[in-house]
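Engineer: have a look; sequence and predicted model below, questions after that.
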Amino acid sequence: MPLIGYARVSTEDQTTLPQSEALQSAGCAEIFEEQASGGNRARPVLARVLERVQSGDTLVV
């Protein structure tokens with residue numbers, strides 16, 4: 001049961017590094033990162049992650 005991680009920040013001034021490190025420590029085999037404003041509902045990376053997740057996988061956010 002692979003763990004797949006998703007990290008998101010809302011501004012260019014922020015970094016996904018703390019989230020990515022936590023996801024890696026949790027055992028995520030793959031980590032997807034996205035920078036997207038909370039005001040904009042488009043999440044192309046999240047959409048790719050949801051397409052990637054298969055039965056038996058666990059998505060960690």
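Structural biologist: Great, that's in hand.
Engineer: so, low pLDDT: which residues of the chain?
Structural biologist: Scanning the chain for pLDDT under 70 picks out nothing.
Engineer: do you have the helices of it handy? List them.
Structural biologist: Taking DSSP state H to define them, one finds helices in the chain at 17-25, 44-52.
Engineer: dump the ones you listed into CSV; add mean neighbour count and distance to Gly38 as well.
Structural biologist: (Glycine included, C-beta is placed from N, CA and C.) Formatted as CSV, the helices of the chain follow (neighbours: other Cβ atoms under 10 Å; distance: least, Cβ to Cβ, whole Å):
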stretch, mean neighbour count, distance to Gly38
helix 17-25, 14, 15
helix 44-52, 13, 13
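Engineer: out of those helices, flag the one nearest Met1.
Structural biologist: helix 44-52 (14.4 Å; Cβ to Cβ).
Engineer: and the closest one, what does it pack against?
Structural biologist: strand 3-9, strand 30-35 (3 or more Cβ pairs under 8 Å, 6 or more residues apart in numbering; DSSP states H and E).
Engineer: which residues does Ala42 contact?
Structural biologist: For Ala42, the contact set (Cβ atoms under 8 Å, 6 or more residues apart in numbering) comprises Ala36.
Engineer: residues touching the residue lying closest to Leu3 once chain neighbours are set aside, list them.
Structural biologist: In this structure, Leu3 finds its nearest non-sequential neighbour in Cys28, 4.5 Å apart by Cβ to Cβ, 6 or more residues apart in numbering. Counting by Cβ under 8 Å, 6+ apart, Cys28 touches 3-5, 60.
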